[in-house]
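> Okay, sequence plus prediction incoming.
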Amino acid sequence: MASKPDPRPRRTAAQTREHVLEVAHELFYWHGIRVTGVDTIAAEANVAPTTLYRLFASKDDLIAAYVERADRLYREWMTEATAPDVGSPRERILALFDALDEQVQPQRCRGCPFLMALAEFPDPQLPAHAHAVATKAWVHGRLRELTDALAATEPVRDPEALADQLAVVMEGVYASAQALGAGGPARRARAMAETLMDAALERR
């Protein structure tokens, strides 16, 4: 008797790994990391659990890879949103908050994945925690690059303080949108960024 063909699509190991991470991202992000089991991910990805464990030695490894992948995608998003061809440094900063407003709409956002990872994994020794902290540090550094660029074109008193303020506004957008919706206080983030940039200018 002939065996039934395997219904699973044939992929390379790299393709299977990326597919599993895409599925893990949806489940971890929308349902929570700790409550989502590896068997659930394998079933949703239509791969055997043994295949998943060949790609990721443990759930901790899968979680770390999920945060790393989210980091890569977030850096791509922010880099594109603030690219030099967007315009002046001020325009690039405002474009970031325009992009952020689109990102936190309810159909695509339930909060910041890195803050959520930090909340679920408070131990700084865990890779997921360390990766999330590294993402936040990179975002802050990117904001500092933008405020330094702004200071090169406008008389900004303290670019470092301005970067700190913009970082706090960004974090507030994620927290506020999750609790009060994108149409709540989060919608004022762009105007707040503009106010902060105006307030940071030297008064002669």
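That came through, no problem.

> What pLDDT does the model give the spatially closest residue to Arg157 that is not a sequence neighbour?
Leaving aside its chain neighbours, Arg157 sits nearest to Glu202 (5.3 Å; criterion: C-beta to C-beta, 6 or more residues apart in numbering). (C-beta placed from N, C-alpha, C; glycine too.) pLDDT, Glu202: 83.

> what separates Glu202 from Arg69, distance-wise?
Glu202 sits 42 Å away from Arg69 when distances are taken as C-beta to C-beta, to the nearest Å.

> More neighbours: these two, which one.
The residue with more neighbours, out of Glu202 and Arg69, is Arg69; 18 against 10, by other C-beta atoms under 10 Å.

> so that one is in which element?
Assigned by DSSP states H and E, Arg69 falls within helix 59-81.

> Buried residues, that helix. List them.
Using 16 or more other C-beta atoms under 10 Å as the test for burial, helix 59-81 gives 59, 62-71, 74, 78, 81.

> now the angle between helix 59-81 and the helix or strand following it, please.
Past helix 59-81, further along toward the C-terminus, the next helix or strand under DSSP H and E is helix 89-103. Here helix 89-103 runs at an angle of 130 degrees relative to helix 59-81 (axes from the mean of the first three to the mean of the last three C-alpha atoms, to 10 degrees).

> circling back to that earlier point, show me what the helix holding Arg69 is packed against.
Judged by 3 or more C-beta pairs under 8 Å, 6 or more residues apart in numbering; DSSP states H and E, helix 59-81 is in contact with helix 13-31, helix 38-45, helix 89-103, helix 113-120, helix 127-153.

> Please spell out which residues along the first one are buried.
It stands for helix 13-31. In helix 13-31, counting by 16+ other C-beta under 10 Å, buried: Thr16, Arg17, His19, Val20, Leu21, Val23, Ala24, His25, Leu27, Phe28, Tyr29.

> any idea how far Ile63 is from the third one?
The span separating His19 from Ile63 equals 17 Å under the rule C-beta to C-beta.

> what about stretch 49-59, distance to the chain center?
Chain-centre distance of stretch 49-59: 24 Å, with C-alpha atoms, centre = their mean, to the nearest Å.

> Tell me where the model's unsure across the chain.
Counting by pLDDT under 70, the ranges of the chain that qualify are 1-9, 204.
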